[in-house]
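J.: Sequence and computational prediction follow.
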Amino acid sequence: MAKGITKRDRDYAQWYIDVVLKGDMADYSPVKGCMVIKPNGYGVWENIQRNLDRLFKETGHVNAYFPMFIPESFLKKEAEHVEGFAPECAVVTHAGGKALEEPLVVRPTSETIIWSTYKNWINSYRDLPILINQWANVCRWEMRTRLFLRTTEFLWQEGHTAHATFEEAEEETFKMVQVYKRFAEEYLAMPVIAGKKTEQEKFAGALHTYCIEAMMQDGKALQSGTSHHLGQNFAKAFDVKFQDQNKELQYVYASSWGVSTRLIGGMIMSHSDDNGLVIPPKLAPLPVVFVPIWRSDEERDLVLGRARELTQDWDPLFYSVDDRDQYKPGYKFAHWEVRGVPIRIEIGPRDCQNNEVVVVRRDTGEKQAMPMEGLRSKLEAMLEDIQANLFAAAKNRLDTNTRACDEFADYEAHVGEGGFFRIHWCGADACETELQEKTRSTIRCIPFDAPEEEGACIICGKPSARRVLASQAY
RNA sequence: CGGGGUGUAGCGCAGCCCGGUUAGCGCGCUUCGUUCGGGACGAAGAGGUCGGAGGUUCAAAUCCUCUCACCCCGACCA
């Protein structure tokens, strides 16, 4: 048992922070609300980037980069957009030793700067579609922050696409939320519910927003990715028109979509335990660590020699040998465990004699001896099994903590305990607001796979055509 | 912006209520020795503007006033 990780049933928030800090994922920053991402945390982010980038490219997207500073007037061009983001913007008013003529907003999101540029890039239907993604940092001055989940500055990717028709933009918007779902489940091992946000919860400036919602170990929801159909809103705001096949000028349709370093928070809260971090193998900066065991210098040479021999044709990014001699093996076990390394291999004189090693998996703690011969392929298989096992455990938790609920009294009494509730809702803003105010929970989304089902709104009793997903959320 | 809490060595803390030698403890760090298959042990060391300013007092980490910073909880959000 690792020392000092708070039991999550006592105080989940503190447990989470402990895992982040002791897992060497992040540190507090000198600037309030920002965070320092440590190598172990950034390594996970690099793997998220690498793998997501491949999925983006497979779906026809390319990367570009736009400026971090946005003229304040740009932000004001789309009415809903500015209303939604103005309160949380950081604004640069001085630079070069004097006041700027026009203040510059540090991007909270890049729709405006990008659409001001797309205006120059789009004339003809032949210029469409534009399928661009950018990896960037953004800044939102939120009232309250929490490491990874909501920091003042955060890293993300934002896709910004331009299309000739509504249908094509819609297809893109839907496609990308499916990409996110796939990524969350295959890489983060984090099952999600994909669906549509309510009018109140949608992105400021969008026609509608699709999202993926994950369930953390305390039963609360975490919005983990969003994809917005922006319609012609930004094209109109920035006067972006193209001439179609019929020689007519039309406004361009848009989508935007993004996921952020919040995914790392989701990963931590999905899989970690009281011994620390558990990183899914596909995202682990270090999948396998060797802990050599020796007493004498001769044994040290023997064990390290065998480890070197064993791994001579292995990818150096796949493993590391912890040959620090100021620490005992027990210390090293704990050290790598709290950092979430998926597989630990113990190799000592006894093992060398038997031509085997002791393999310990992080997810179950299970130990087993394995022959040195053919080890690499067995480790690959075990990593896949760990990945699958983490997903299965999280999926099981999601399923067993999701239930239909038809009585408001029942909902009100139990929503605070965590879990997802499938409830009927008439679609009225007033009912959604009432639900939020009375229960401090929200409608997370209208799931894509919610079947049509006659029911009565849990608040007002009016007819509802399908169930929506409601829960407390981060 | 409300509610709660914390500022004392690199980290984590005690001491404060009830002022009094040289401000302590654990971890970490340095040196030496013994250890090494689940967070080793012994010995010797290094390391401090007690968040800041003012006040009370013979005397302040401790009491008073002001102030700053950060953390946690809520409203807001990816």
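T.: Received the coordinates, thanks.

J.: hey, where'd the strands end up in the stretch 151-300 of chain A?
T.: In the stretch 151-300 of chain A, the segments counted as strands under DSSP state E, counting those that start in this stretch are A:153-163, A:192-196, A:208-215, A:221-231, A:241-243, A:249-251, A:253-260, A:288-292.

J.: for A:H335, what are its contacts?
T.: A:322, A:327 (Cβ atoms under 8 Å, 6 or more residues apart in numbering). Quick note: C-beta positions are derived from backbone N, CA and C, even for glycine.

J.: rerun at 10 Å
T.: By Cβ atoms under 10 Å, 6 or more residues apart in numbering, the contact set of A:H335 is A:2, A:24, A:276, A:289, A:291, A:322, A:324, A:327, A:341, A:344.

J.: A:Y411 sits in which helix or strand?
T.: A:Y411 is part of helix A:408-414, with elements assigned from DSSP states H and E.

J.: What ranges does the stretch 1-150 of chain A have for its strands?
T.: A:26-28, A:35-37, A:62-63, A:69-71, A:90-95, A:98-106, A:130-139.

J.: Export these as TSV, with columns for mean pLDDT, mean neighbour count and distance to A:G419.
T.: As requested, the strands of the stretch 1-150 of chain A are exported to TSV (pLDDT from 0 to 100; neighbours: other Cβ atoms under 10 Å; distance: least, Cβ to Cβ, whole Å):
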stretch	mean pLDDT	mean neighbour count	distance to A:G419
strand A:26-28	87	16	28
strand A:35-37	90	19	29
strand A:62-63	98	12	39
strand A:69-71	95	19	40
strand A:90-95	89	12	37
strand A:98-106	92	14	38
strand A:130-139	96	18	31
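
J.: Please report how far A:N47 lies from A:M190.
T.: Distance of A:N47 to A:M190, computed by Cβ to Cβ, to the nearest Å: 14 Å.

J.: more neighbours, the two?
T.: A:M190 (28 against 17; other Cβ atoms under 10 Å).

J.: pretty sure that one contacts A:F391?
T.: Yes. In this structure, A:M190 is within contact of A:F391 by Cβ atoms under 10 Å, at 7.7 Å.

J.: Mutual contacts of these two, please.
T.: A:184, A:270-271, A:280.

J.: Most widely separated two among those residues?
T.: Within the shared contacts of A:M190 and A:F391, A:A184 and A:H271 form the most distant pair, 12.5 Å apart (Cβ to Cβ).

J.: Give the residues shared as contacts by the two.
T.: A:190, A:391.

J.: Contacts only, for A:R362.
T.: By Cβ under 10 Å, 6+ apart, the contact set of A:R362 is A:271, A:273, A:275-279, A:281, A:284, A:336-337, A:339-344, A:386, A:390.

J.: among those residues, which are in helices?
T.: A:271, A:336-337, A:386, A:390 (DSSP state H).

J.: Can you tell me which of the strands of the stretch 1-150 of chain A is nearest to RNA strand B?
T.: Proximity to RNA strand B (Cβ to the nearest atom of the strand) singles out strand A:26-28 among the strands of the stretch 1-150 of chain A, at 5.0 Å.

J.: is RNA strand B contacted by that closest one?
T.: Yes. In terms of Cβ under 7 Å from any atom of the strand, part of strand A:26-28 sits within range of RNA strand B, namely A:Y28.

J.: Which secondary structure elements does that strand sit against?
T.: Where contact means 3 or more Cβ pairs under 10 Å, 6 or more residues apart in numbering; DSSP states H and E, strand A:26-28 is packed against helix A:12-22, strand A:35-37, helix A:39-58, helix A:262-271.

J.: in the longest one, what counts as buried?
T.: When you say that, I think you mean helix A:39-58. A:40-45, A:47-48, A:51-52, A:55-56 (16 or more other Cβ atoms under 10 Å).

J.: Which secondary structure elements does it sit against?
T.: Helix A:39-58 packs on strand A:26-28, strand A:35-37, strand A:62-63, strand A:130-139, strand A:153-163, helix A:166-186, strand A:253-260, helix A:262-271, going by 3+ Cβ pairs under 10 Å, 6+ apart.

J.: Could you dump the ones you listed into a markdown table and include distance to A:K332?
T.: Output for those, formatted as a markdown table (distance: least, Cβ to Cβ, whole Å):
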| stretch | distance to A:K332 |
| --- | --- |
| strand A:26-28 | 22 |
| strand A:35-37 | 24 |
| strand A:62-63 | 39 |
| strand A:130-139 | 34 |
| strand A:153-163 | 31 |
| helix A:166-186 | 31 |
| strand A:253-260 | 33 |
| helix A:262-271 | 22 |
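
J.: Quick one: closest of these to A:M216.
T.: helix A:262-271 (4.1 Å).

J.: for the residue nearest to A:K438 when sequence neighbours are not counted, what are its contacts?
T.: Distances taken as Cβ to Cβ, 6 or more residues apart in numbering put A:E412 closest to A:K438, at 6.4 Å, once the chain neighbours are dropped. Residues near A:E412 by Cβ under 10 Å, 6+ apart: A:405, A:435, A:438-439, A:441, A:458.

J.: Which of those fall within helices?
T.: Using DSSP H, the contacts of A:E412 in helices are A:435, A:438-439.

J.: who wins for neighbours among those residues?
T.: Going by other Cβ under 10 Å, A:L435 tops the ones in helices among the contacts of A:E412 with 23 neighbours.

J.: Now do the contacts for it.
T.: A:408, A:411-412, A:415, A:423, A:425, A:441-443, A:457-459, A:470.

J.: Kindly indicate which of those residues lies nearest RNA strand B.
T.: A:T442 (8.0 Å).

J.: To what extent is that closest one buried, counted in neighbours?
T.: 19.

J.: follow-up on the earlier one: of the helices and strands packed on helix A:39-58, give the one that comes closest to A:V20.
T.: Nearest of the helices and strands packed on helix A:39-58 (Cβ to Cβ): strand A:26-28, 5.4 Å.

J.: Give me the sheet partners of that closest one and which way each runs.
T.: Next to strand A:26-28 in the sheet, as set by DSSP bridges, lie strand A:35-37 (antiparallel).

J.: The strand it pairs with near RNA strand B anywhere?
T.: No. Shown here: strand A:35-37 not in contact with RNA strand B (Cβ under 7 Å from any atom of the strand), separated by at least 8.4 Å.

J.: Go ahead and measure how far that strand is from the middle of the chain.
T.: 16 Å (Cα atoms, centre = their mean, to the nearest Å).

J.: likewise stretch A:438-458?
T.: 23 Å.
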